[in-house]
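In: this is the structure alone, sequence omitted:
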């Protein structure tokens, strides 16, 4: 077996006592949540600012944050069928073909329910688990048991059980994903009466420029038009589903424009906390300020820290190709108008920028 290269501290006597302290601290945080744990699903799209959103909510006391738990099923483009066999932490197996929609629903349900032993092992070993303050405990636990027992299955199951115990003691359980559609996960609203969904959107021109910048809109995958069609088609479906679900489940779905969060991080963060009925402390507000306005370096393309989060929201306008912009403006017209984004075109002959008032 080859262990991934990954910075980790193996469990020692000291780290064991630290873990006990964390668990005991989490047990205390359940006071004030007599109605049971709060589940939060952050549903969004690739390169749309959801990492910042998730990190802000992760700072709430007693939170248990899971970053992209569906990535191991489809690292890139997701199809309706998973062409791989899955082995679960409890030792059970499923063979291909496997429905992506049913499996993704099951995975999200098990994370929210803290049924960690019922999750695919490949997902528990995903490096993205390190982005959660508590889920990052899994890998050093796994390595520690491997070195002690040389038994992969035992290490997976035992560490999944331990992580499940930590999850059970966490009153706020947050999952962020770019790989699920709203109409596939709507049944979670029935399963978890305290579940709130935050639908994060961003100007599709900014999102698509960013995707193209990171080589996600190459010609052999359908090019820029296919990219625009896929993103805005998903956004259109989610807009319609959100409208329907809001009638059946009032006050359970919040639409968040990333640009609003970037421009007013403290105020919009407070609205998010109010929406999930969790207090936002002064320490959390200071944390949000430091993450978005304090002059920190933009240190990572998929990280949440920004030197000034409002300064980069129009960055795409300086670099987007005029032909690509035309494609997006045409294909994504409904989305742009629905979320009242400013019209923006480029005069190709003079290379001058023309800006118009928001669409009515």
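Out: On my side now, so go ahead. What you are looking at is a predicted structure, and each value in this text was computed from that prediction instead of being measured.
In: in terms of pLDDT, where does the closest residue to residue 85 other than its chain neighbours sit?
Out: The shortest distance from residue 85 to any non-neighbouring residue, by Cβ to Cβ, 6 or more residues apart in numbering, is to residue 95 (5.0 Å). (C-beta placed from N, C-alpha, C; glycine too.) We have a pLDDT of 90 for residue 95.
In: can you tell me how far residue 95 sits from residue 115?
Out: Counting by Cβ to Cβ, to the nearest Å, the separation of residue 95 from residue 115 is 21 Å.
In: mind checking the SS state of residue 200?
Out: Three-state call for residue 200 (DSSP: H, G, I helix; E, B strand; the rest coil): strand.
In: please identify the helix or strand for residue 173.
Out: Using DSSP states H and E, the element containing residue 173 is strand 172-177.
In: tell me where the stretch 51-200 of the chain has helices.
Out: If you assign secondary structure with DSSP state H, counting those that start in this stretch, the helices in the stretch 51-200 of the chain sit at 100-112, 121-124, 138-149, 152-168, 182-185, 188-191.
In: between these, which gets the lowest average pLDDT?
Out: helix 182-185 (a mean of 91).
In: buried ones in that helix?
Out: For helix 182-185, burial by neighbour count (16 or more other Cβ atoms under 10 Å) applies to 182, 184-185.
In: also stretch 68-79?
Out: 68-73, 78.
In: looking at this, residue 323 is in a helix?
Out: Yes - judged by three-state DSSP, residue 323 forms part of a helix.
In: check contacts around residue 212.
Out: Applying Cβ atoms under 8 Å, 6 or more residues apart in numbering to residue 212 gives the contacts 224, 227, 324.
In: likewise for residue 331?
Out: Residues in contact with residue 331, defined by Cβ under 8 Å, 6+ apart, are 225, 228-229, 232.
In: please check the residues you listed and keep the buried ones.
Out: Listed as buried from the contacts of residue 331 are 228, 232; burial here means 16+ other Cβ under 10 Å.
In: narrow the contacts of residue 331 to those in helices?
Out: 225, 228-229, 232 (DSSP state H).
In: can you lay out those residues as JSON lines showing pLDDT?
Out: Below are the ones in helices among the contacts of residue 331 laid out as JSON lines (pLDDT from 0 to 100):
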{"residue": "225", "pLDDT": "95"}
{"residue": "228", "pLDDT": "97"}
{"residue": "229", "pLDDT": "97"}
{"residue": "232", "pLDDT": "98"}
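In: so which of the residues you listed is the closest to residue 61?
Out: residue 232 (37.7 Å; Cβ to Cβ).
In: need the nearest residue in space to the closest one, chain neighbours excluded.
Out: residue 332 (4.0 Å).
In: wouldn't that neighbour be in contact with residue 228 here?
Out: Yes - with contact defined as Cβ atoms under 8 Å, residue 332 reaches residue 228; the gap is 6.2 Å.
In: okay, and the common contacts of the two?
Out: By Cβ under 8 Å, 6+ apart, the residues touching both residue 332 and residue 228 are residue 204.
In: and residue 60, how many neighbours does it have?
Out: 22 (other Cβ atoms under 10 Å).
In: next up, the contacts around it.
Out: So residue 60 contacts 172, 273, 278, 280, 284 (Cβ under 8 Å, 6+ apart).
In: residue 184 versus the residue nearest to residue 232, what's the distance?
Out: Distance of residue 332 to residue 184, computed by Cβ to Cβ: 22 Å.
In: cool, residue 66 as well?
Out: Taking Cβ to Cβ as the measure, residue 66 falls 17 Å from residue 184.
In: what's the answer for residue 287, then?
Out: 32 Å.
In: please apply the same query to residue 201.
Out: Residue 201 sits 18 Å away from residue 184, taking Cβ to Cβ as the criterion.
In: now swap in residue 128 and tell me
Out: Here residue 128 is placed at a distance of 20 Å from residue 184 (Cβ to Cβ).
In: how about residue 71?
Out: Distance, residue 71 to residue 184, using Cβ to Cβ: 16 Å.
In: next one: residue 192
Out: From residue 192 over to residue 184 the distance is 15 Å, taken as Cβ to Cβ.
In: ok, now residue 206?
Out: Taking Cβ to Cβ, one finds residue 206 at 25 Å from residue 184.
In: ok, residue 343 next?
Out: Separation of residue 343 from residue 184 (Cβ to Cβ): 32 Å.
In: repeat for residue 153
Out: Taken as Cβ to Cβ, the span from residue 153 to residue 184 is 30 Å.
In: stretch 111-127: which residues count as buried?
Out: For stretch 111-127, the neighbour count (16+ other Cβ under 10 Å) marks 111-121, 123-126 as buried.
In: same deal with stretch 81-93?
Out: By 16+ other Cβ under 10 Å, the buried positions in stretch 81-93 come out as 82, 86, 88-90.
In: cool, and stretch 207-225?
Out: The neighbour-count check on stretch 207-225 (16+ other Cβ under 10 Å) flags 207-212, 217, 224 as buried.
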